[in-house]
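Q: below are the sequence and a predicted model; questions follow.
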Amino acid sequence: MNLNFISKKLSFTQDLLITLMNVFSVILSTIFINAIISRKYGLDFVGEFNLVKRVALSAAPFILFGASIVIPKLFGEIPEKNYRSFFRQLMLYFLILPLPLLFIFFLLIPAEKGGIHSFYIPENLKLIFALVLAADLVFQLFYSIFRGIRQFIPAALLSFSVNALIPLIFFLLFGFATFHQVYLMIGIFMLATALFFPLLMLQKQFSPQAPAPISLLKPLLSQSAQRAPGMFFQFLLISAPILIISRYGSPAELTYVTVGITISRLLLSIVTPIGFVFLPRIAAQREAGSLSDVSQKLIQISQFFLLLLALMIPWLLINSPWLLNLWIRLTDTDGIRLIHLFIFAIPGIVFYEMVRIPIDALYDRGLNSVILFAGTLSFFITVYFMRHTYAAAVAAAFGAAYLVMTFISLIALSHRKIYLFKGENFSHLFSALLLFLGAIYFMHRYDFHLITENALYFIMTALLLLYLWKFTKLEFILLIKSKLRLTGNRQ
């Protein structure tokens with residue numbers, strides 16, 4: 001079997017495009033899978049599917065003990081002749097740390113609602129959860145290896161197969177079986193694919209030719225341990241809302257919460273690639289003693305996302321009733337209101353994820369762990385004081401946690417003289433967006449027909465964009481104008 005094309009190393013731009021395409025394909029498949037489950041098995045099973053998926057995906061980086069970040073870094077620092085030696089040490093690392101953590105983690109989440117903590121996974125999902133968690137753990141290990149040796153095609157194929165293709169095919173083709181039977185088969189095939197596909201792809205890369213002794217186990221352990229606390233708090237922040245509702249809420253509320261978290265994190269597919277661009281540049285400019293270029297680019301991106309969020313969130317709120325009905329047949333008014341709380345959390349999620357990479361590059365690695373701890377603490381405090389209504393409590397606490405983390409992150413950046421929301425340009429943008437959102441709010445109160453409301457929304461959006469284009473000097477708009485002028489001059 002000729003694997004040369006798949007194993008070929010590509011340029012940075014090609015790697016970035018492949019990663020983006022993979023992220024979008026996984027998002028689309030997730031949307032389709034939720035729609036299929038709601039139609040074939042019922043809305044409550046959407047919650048069970050997302051419970052297993054979200055908890056497993058967020059737990060795997062912590063169980064790897066932060067190694068998913070360190071492995072690509074260490075592979076990038078060694079020559080290819082040392083790959084085989086490091087690969088052997090990774091397998092040893094997996095046996096002595098993540099594998100025992102996997103069993104401990106699985107045993108700590110009870111299958112009865114009487115445990116010492118608020119986390120709970122139903123008995124009929126325990127075996128499925130174990131398989132999916134093991135599959136995600138193995139997947140993230142090998143995905144990190146592929147990224148480290150800069151083979152983004154097999155990395156994308158592995159991610160697409162495990163996270164998108166297998167669940168989609170099984171839920172489409174095995175409609176005659178029960179939901180839990182299908183999900184069990186998905187878990188088995190996910191684990192088999194996550195294990196055997198990478199070994200097939202890596203057999204040539206890690207062949208016994210020219211082996212070179214190398215010892216990277218100690219830096220792997222030490223650097224991973226520095227990142228493990230942040231991974232743990234991130235797991236809590238994403239999984240705790242789901243696991244708490246699994247114990248204290250109804251099946252319907254579990255569906256609302258898991259769907260809300262899925263929607264709130266969709267925009268990260270655009271934010272995540274920023275890390276690919278910024279991390280090496282920030283590290284280089286930090287050494288040079290100047291961060292003006294990084295600051296300028298962060299300001300441009302922040303202005304763009306602020307505008308994008310101001311346009312997107314009102315549209316989602318206006319159209320959520322028919323969108324949720326079209327997607328997963330959700331018509332319950334209380335469920336839609338609950339999902340609205342997660343939609344309001346999107347700005348905090350986007351801005352925190354956007355600045356966490358620059359903070360990791362500008363400060364020691366412990367700062368992001370401290371920020372995540374503060375966010376997690378605020379989450380549990382909010383849930384405690386609102387615990388009489390757990391569904392609303394976890395939704396409000398989820399958004400509050402990300403707002404806290406964003407606020408602390410902005411303070412941290414300001415200590416490096418990077419101010420994302422400051423100056424005359426930001427004042428113009430903020431004032432324009434405030435008027436726009438105020439007009440949308442008053443329009444929505446008049447209870448227009450949906451078509452009329454959307455028409456008015458698009459008219460006001462067009463007027464806002466025209467004003468910003470003509471009368472403001474926002475950095476990202478000036479950049480677009482300069483690019484257009486350059487293109488026109490070439491023609």
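A: Sure, I can see it.
Q: so residue 38 makes contact with residue 325?
A: No. Counting by Cβ atoms under 8 Å, residue 325 is not a contact partner of residue 38; they are 10.2 Å apart. (Each C-beta comes from the backbone N, C-alpha and C, glycine too.)
Q: just want to know which of these two has more residues nearby.
A: residue 38 (21 against 12; other Cβ atoms under 10 Å).
Q: that one: what's it in contact with?
A: 45-46, 327-330 (Cβ atoms under 8 Å, 6 or more residues apart in numbering).
Q: equivalent analysis for residue 219, please.
A: Counting by Cβ under 8 Å, 6+ apart, residue 219 has contacts 70, 74.
Q: 7 Å - rerun?
A: Contacts for residue 219 (Cβ atoms under 7 Å, 6 or more residues apart in numbering) come out as residue 74.
Q: check residue 403 too.
A: residue 348 are the contacts of residue 403 under Cβ under 7 Å, 6+ apart.
Q: what score does the nearest residue to residue 191 once chain neighbours are set aside have for pLDDT?
A: Spatial nearest neighbour of residue 191, chain neighbours left out: residue 135 (4.1 Å); criterion: Cβ to Cβ, 6 or more residues apart in numbering. Per-residue pLDDT puts residue 135 at 96.
Q: ok, residue 135 to residue 347 distance?
A: Remark: distance between residue 135 and residue 347 (Cβ to Cβ, to the nearest Å) = 33 Å.
Q: try residue 28
A: 24 Å.
Q: neighbour count winner among those two?
A: residue 347 (21 against 12).
Q: element containing that one?
A: Here residue 347 sits within helix 346-362, counting by DSSP states H and E.
Q: what about residue 127, how many residues close to it?
A: Count around residue 127 with other Cβ under 10 Å applied: 13.
Q: what's the mean pLDDT across stretch 265-276?
A: 69.
Q: coming back round to it: how far away is the residue nearest to residue 191 from residue 411?
A: 39 Å.
Q: neighbour count for the two, which is higher?
A: More crowded of residue 135 and residue 411, by other Cβ under 10 Å: residue 135, with 25 against 10.
Q: I'd say the more buried one and residue 187 touch.
A: Yes. Here residue 135 lies in contact with residue 187, judged by Cβ atoms under 7 Å, at a distance of 6.4 Å.
Q: can you pull out the low-pLDDT segments for this protein?
A: 1-16, 110-119, 204-214, 269-270, 272-293, 361, 364-365, 485-491 (pLDDT under 70).
Q: again, only using 50
A: In the predicted model of the chain, residues 1, 280 satisfy pLDDT under 50.
Q: how far out from the middle of the chain is the helix holding residue 347?
A: Here helix 346-362 shows a centroid-to-chain-centroid distance of 12 Å under the convention Cα atoms, centre = their mean, to the nearest Å.
Q: and the next helix or strand past it?
A: Next along the chain after helix 346-362, taking DSSP H and E as the criterion, comes helix 366-385.
Q: residue 244 versus the closest residue to residue 130 other than its chain neighbours, what's the distance?
A: Nearest non-adjacent residue to residue 130, counting by Cβ to Cβ, 6+ apart: residue 106, 5.7 Å away. Look at residue 106 and residue 244: by Cβ to Cβ, they are 19 Å apart.
Q: comparing the two, which residue is more hemmed in?
A: The neighbour comparison of residue 106 against residue 244 (other Cβ under 10 Å) goes to residue 244, with 25 against 16.
Q: quickly find the element holding the more buried one.
A: Counting by DSSP H and E, residue 244 is part of helix 217-248.
Q: how many degrees apart are that helix and helix 366-385 in direction?
A: Counting by axes from the mean of the first three to the mean of the last three Cα atoms, to 10 degrees, helix 217-248 lies at 10 degrees to helix 366-385.
Q: which parts of helix 217-248 are buried?
A: Neighbour counts using 16 or more other Cβ atoms under 10 Å place 220-221, 223-224, 227-248 of helix 217-248 among the buried residues.
Q: C-terminal to the helix ranked longest in the chain, what's the next element?
A: Ranked by residue count and defined by DSSP state H, the top helix of the chain is helix 292-328. Next helix or strand after helix 292-328 toward the C-terminus (DSSP H and E): helix 333-344.
Q: what about the helices in the stretch 1-150 of the chain?
A: For the stretch 1-150 of the chain, the helices defined by DSSP state H, counting those that start in this stretch occupy 12-40, 43-63, 67-76, 83-96, 98-108, 126-148.
Q: can I get the ones you listed in a markdown table with distance to residue 266?
A: Shown next, in a markdown table, are the helices of the stretch 1-150 of the chain (distance: least, Cβ to Cβ, whole Å):
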| stretch | distance to residue 266 |
| --- | --- |
| helix 12-40 | 6 |
| helix 43-63 | 13 |
| helix 67-76 | 21 |
| helix 83-96 | 31 |
| helix 98-108 | 27 |
| helix 126-148 | 19 |
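Q: just the buried residues out of the contacts of residue 38, in ChimeraX syntax.
A: Per 16+ other Cβ under 10 Å, the buried members of the contacts of residue 38 correspond to this ChimeraX selection:
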select :45,46,327,328,330
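Q: quick check, nearest of the contacts of residue 38 to residue 310?
A: residue 327 (23.4 Å; Cβ to Cβ).
Q: so who does the closest one touch?
A: Per Cβ under 7 Å, 6+ apart, neighbours of residue 327: 31, 34-35.
Q: 10 Å instead?
A: Going by Cβ atoms under 10 Å, 6 or more residues apart in numbering, residue 327 touches 31-32, 34-35, 38, 46, 259, 263, 320.
Q: buried stuff in stretch 197-204?
A: Buried residues in stretch 197-204 (16+ other Cβ under 10 Å): 197-198, 201-202.
Q: mind checking which of those are in helices?
A: 197-198, 201-202.
Q: could the residues you listed go into TSV alongside distance to residue 308?
A: Shown next, in TSV, are those (distance: Cβ to Cβ, whole Å):
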residue	distance to residue 308
197	36
198	36
201	37
202	39
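Q: out of these, which comes closest to residue 454?
A: The nearest member of these to residue 454, counting by Cβ to Cβ, is residue 197 at 44.4 Å.
Q: sorry, back to before: thought the residue nearest to residue 130 was touching residue 126?
A: Yes. Using Cβ atoms under 10 Å, residue 106 makes contact with residue 126 at a distance of 8.2 Å.
Q: residue 89: how many residues sit nearby?
A: Neighbours of residue 89 using other Cβ under 10 Å come to 16.
Q: name the nearest residue to it, sequence neighbours excluded.
A: residue 217 (4.8 Å).
Q: any idea which of the buried residues of stretch 197-204 is closest to residue 339?
A: Nearest to residue 339 among the buried residues of stretch 197-204, with distances taken as Cβ to Cβ, is residue 197, at 35.4 Å.
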